[in-house]
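1. Please work out how this folds:
(one chain, ligands or ions: 3)
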Amino acid sequence: MSKLCVLRGRSKFKDQKLVIEFLKCGPKEANKWGHCCKHSDDSVCVDPIECELFTYYNPRFTWRTVIIGHAYIEPVKGGKRKTVGTLLADIIDRETIRDVWYDHMCAVSPIHLLIAGTLFDRQGYMDPELYDDEIKKGSGVFGKEIGEGRLLHLESIVVDKDYRRQGIGAKLMSGLHKVAKKEQVSFIFAFPDTETQDFVACARSVGYRHVARTRVIAYAVDQQHPSRKLDKSLDPEPFAYYHQAHLFDYSTPVCLVISRYIPKFAVQILQKFPLDTDWTERDDGGMTPLHLAAKGISPELLMFLLSKETTYACIHQRTTFGDTPLTALKSSARRVRDMPMGIPAPNLDNWRGYAEDYVECYKLLISAMNEPWDEELEKRVRFGCSCGHCLEGVMSPRVKFYILAYIYESARIIKTRWGAETNENIAKVVSGIFAHLPPTLSDVSSEEPFQRGFATLLEYIGICLEENEIPTADKVGKKLDWYRDMGEGEDTQRYLNLGGTINDALSYLFAGCCYKTWSAVFKELDEAKEIPHCDNDDLITPVRLFACGTMETERPKSTLESIPLDAVLGQMVDMLTGYHF
Ligand SMILES: [Zn+2]
Ligand SMILES: [Zn+2]
Ligand SMILES: [Zn+2]
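-> Numbers count the residues shown, from 1 in each chain. Ligands and ions are numbered 1, 2, ... in the order given. All right, here's what the predicted structure looks like:
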């Protein structure tokens, strides 16, 4: 444990002083001997295992540091101190766990996952909807910057009943802000539950503001941050809290049918509805039938509803949670792709893009909004590209950058291996590269002509990428033909004659294990840091499938993604209650 800061002051209690003390326990402290935190009853800390910090510290999470703040009342003349307030928080070193961000947050606590799922995408970057969407972004004082660096999560702050309303809570919080500064954290986050409005008021008065219109409040350590300059009266209220009960609560006839039957049956029932049915009626949450059909990812229902002219009025309407039909559709899909809890998320390694139903729904809504739909957009929608620049919708600028860096580094090192500067280390690295090729090639793959040809082939693949095309065996083959006509690429021809294939080289480049290793190597380059983030930054298997030619033929239609949650729940209710509409 190390002591972070101690504030002393005179309390309003006669002859007593208030002491605020912060302790931390992270991977460094936990492994250090001579641990000596100060306990509230002044007892000596003998056994770290018995120590309260250890109850919160988990040695499995080496990227997490536990922070505890205590407020004590202590007689001025010395004597027993009494704990009157406690603050619990932790610092998360996000950069080291981006690949497994949701899973790790889920492992720490449900509230960690809640914050992670509310503000951040699968890799811990800010959800673009929260700064792009005119309505959802709220005051807009928080932007992409909250997705960078270490973050501090304020879990709880409790002040003894008899000592409230004396500023002890505020003192604990200002202590925490000092800790944040010292620990080089830029933002503190908290997710107050609905019962702690007192806390929200107190937090607002010391500079916390809502992030977009979520219930998460955040504090920027930097006084120059826009959130610190926003008057607290301008801090918008969060959207009403969404709770699961709503799934069973649809109060309008059309929504009730949509929520309780699978789309095929719902359409059959709705077709029998009277001619003067109101297809735009909103329920308590502002949900219209169109929102619900979009949320359930159901093209049948959307098509049926959009065949009624009046429903077009709902296309831009917002629910009380701020959703339009399109954002409701997107967030349903996102849940399928992202969350480690709730709906079983398909393993991202096997992910082949969203199911046809999702793309179809997206297209229907975009057309209903009179916005253009083209092949490019379709590709981006299918793979959930959030940056707008992914090649074929699936290969993000970052993946492209890493693969290119990987290509040139591999080619360079192979050529060095056969040059004058070669040494044992280089030979070892190079044989590691060729260990990735099929074992049938092991006879030839250690020889110079084979390796040189392979290196040149990698460079041709790099040229394809530079020209903004995902290299497929076909495209690279054409490139080779072109260079051969120019009288170049002899060594690659030799590689092919020796039994190597273009696909071997592509599989080597797009192997997930290599990508992860190399992305860690190139991550720190200034150039890499300037690349805008895309949701697809960790999609490597689909890119490999695309490049190696199995993407189109093997893409299964996912049943998981096309079953609307509401319909399933609706049927369960039917079975449990025997209720029929
Ligand atoms: Zn202790
Ligand atoms: Zn993208
Ligand atoms: Zn590898």
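2. Give me the three-state assignment for residue 219.
-> strand (DSSP: H, G, I helix; E, B strand; the rest coil).
3. bridging residues for it?
-> With DSSP bridges as the criterion, residue 219 is bridged to residue 188.
4. Strands of the chain, residue ranges please.
-> The residue ranges that make up the strands of the chain, judged by DSSP state E, are 2-10, 16-25, 64-75, 82-92, 151-159, 187-190, 209-210, 217-220.
5. and those as JSON lines, adding distance to residue 454, mean neighbour count and mean pLDDT?
-> Placement of C-beta: from N, CA and C, glycine included. As requested, the strands of the chain are arranged in JSON lines below (distance: least, Cβ to Cβ, whole Å; neighbours: other Cβ atoms under 10 Å; pLDDT from 0 to 100):
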{"stretch": "strand 2-10", "distance to residue 454": "52", "mean neighbour count": "13", "mean pLDDT": "56"}
{"stretch": "strand 16-25", "distance to residue 454": "50", "mean neighbour count": "21", "mean pLDDT": "86"}
{"stretch": "strand 64-75", "distance to residue 454": "43", "mean neighbour count": "22", "mean pLDDT": "89"}
{"stretch": "strand 82-92", "distance to residue 454": "42", "mean neighbour count": "21", "mean pLDDT": "92"}
{"stretch": "strand 151-159", "distance to residue 454": "43", "mean neighbour count": "21", "mean pLDDT": "93"}
{"stretch": "strand 187-190", "distance to residue 454": "47", "mean neighbour count": "24", "mean pLDDT": "96"}
{"stretch": "strand 209-210", "distance to residue 454": "55", "mean neighbour count": "24", "mean pLDDT": "96"}
{"stretch": "strand 217-220", "distance to residue 454": "50", "mean neighbour count": "24", "mean pLDDT": "96"}
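6. Reformat the ones you listed as TSV; add distance to ligand 1.
-> Shown next, in TSV, are the strands of the chain (distance: least, Cβ to the ion, whole Å):
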stretch	distance to ligand 1
strand 2-10	12
strand 16-25	8
strand 64-75	10
strand 82-92	14
strand 151-159	19
strand 187-190	25
strand 209-210	35
strand 217-220	28
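7. So for residue 518, which of those sits nearest?
-> Comparison of these against residue 518 by Cβ to Cβ identifies strand 82-92 as nearest, at 25.2 Å.
8. which secondary structure elements does the closest one contact?
-> strand 64-75, strand 151-159, helix 168-182 (3 or more Cβ pairs under 8 Å, 6 or more residues apart in numbering; DSSP states H and E).
9. which ones are touching the residue in the stretch 1-150 of the chain positioned nearest to ligand 2?
-> Relative to ligand 2, the nearest point of the stretch 1-150 of the chain is residue 128 (10.5 Å; Cβ to the ion). Residue 128 sits next to 121, 386 when contact means Cβ atoms under 8 Å, 6 or more residues apart in numbering.
10. Out of the helices and strands packed on strand 82-92, which gets nearest to residue 113?
-> When the helices and strands packed on strand 82-92 are compared for distance to residue 113 using Cβ to Cβ, the nearest one is strand 151-159, at 11.3 Å.
11. partners of that closest one in the sheet?
-> Strands that pair with strand 151-159, judged by DSSP bridges, come out as strand 82-92 (antiparallel), strand 187-190 (parallel).
12. Restricting to C-alpha, output the longest one in PDB.
-> If I follow you right, that is strand 82-92. As requested, C-alpha coordinates have been extracted for strand 82-92 and formatted as PDB (Å, rounded to 0.1, in the frame of the first residue of the first chain):
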ATOM      1  CA  LYS A  82     -12.900   7.300  14.200                       C
ATOM      2  CA  THR A  83     -13.800   6.600  10.600                       C
ATOM      3  CA  VAL A  84     -16.600   8.800   9.500                       C
ATOM      4  CA  GLY A  85     -16.400   8.500   5.700                       C
ATOM      5  CA  THR A  86     -15.100   6.100   3.100                       C
ATOM      6  CA  LEU A  87     -14.500   6.400  -0.600                       C
ATOM      7  CA  LEU A  88     -13.900   3.500  -2.900                       C
ATOM      8  CA  ALA A  89     -12.500   3.900  -6.400                       C
ATOM      9  CA  ASP A  90     -10.100   2.300  -8.900                       C
ATOM     10  CA  ILE A  91      -7.900   3.200 -11.700                       C
ATOM     11  CA  ILE A  92      -8.100   1.200 -14.900                       C
END
